[in-house]
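Undergrad: Let's see this in three dimensions:
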Amino acid sequence: NSILHLLVLQPNKTTACQVFDLLMSQDADLDPTIPLDMVPNYRGLTPFKLAAKEGNLV
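TA: Numbering: from 1, shown residues only. The predicted structure follows:
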C-alpha cells in the first residue's frame, strides 16, 4: 500500500484530505511519469478504487 491507500482508511477524513491534497500537489514535481494516485496496491486497487470499495465518498 502507498501512503494514499493508508489515508483512505483513516477515520479523520478532514486531515486525510488535507494530507492527500498536499501529497498530490508535490507528486507532479517528483515523478511526472506515473501519478501517485494511479499506483495500485497489492490487490490491484488504486487509492480511488479502494475508497469506493470501502464506501469512503469524502
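
Undergrad: C-alpha from now on. contacts and neighbour counts both.
TA: OK.

Undergrad: Just checking, which helix or strand of the protein averages the lowest pLDDT?
TA: helix 13-30 (a mean of 91; mean pLDDT, DSSP states H and E).

Undergrad: Give me the buried positions along it.
TA: Going by neighbour count (16 or more other Cα atoms under 10 Å), the buried part of helix 13-30 is A16, C17, F20.

Undergrad: What are the phi and psi values at P35?
TA: phi -60, psi 140 (degrees, to the nearest 10).

Undergrad: Can I get stretch 10-30 in CSV, CA atoms only?
TA: What follows is stretch 10-30 as a C-alpha-only set of coordinates in CSV (Å, rounded to 0.1, in the frame of the first residue of the first chain):
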residue,chain,number,x,y,z
GLN,A,10,-8.0,6.9,8.2
PRO,A,11,-11.0,7.8,10.4
ASN,A,12,-10.2,11.6,10.4
LYS,A,13,-11.3,12.5,6.9
THR,A,14,-10.5,16.2,7.2
THR,A,15,-6.9,15.6,8.0
ALA,A,16,-6.6,12.8,5.5
CYS,A,17,-8.0,15.0,2.7
GLN,A,18,-5.5,17.8,3.6
VAL,A,19,-2.6,15.4,3.5
PHE,A,20,-3.8,13.9,0.3
ASP,A,21,-4.0,17.3,-1.3
LEU,A,22,-0.5,18.2,-0.1
LEU,A,23,1.0,14.9,-1.5
MET,A,24,-0.8,15.3,-4.8
SER,A,25,0.4,18.9,-5.2
GLN,A,26,4.0,17.7,-4.8
ASP,A,27,3.7,14.5,-6.8
ALA,A,28,4.0,16.1,-10.2
ASP,A,29,7.3,17.7,-9.3
LEU,A,30,8.8,14.4,-8.0
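
Undergrad: any residues touching that stretch, and which ones?
TA: The contact list for stretch 10-30 (Cα atoms under 8 Å, 6 or more residues apart in numbering) reads L4, L7, V8, P35, L36, D37, V58.
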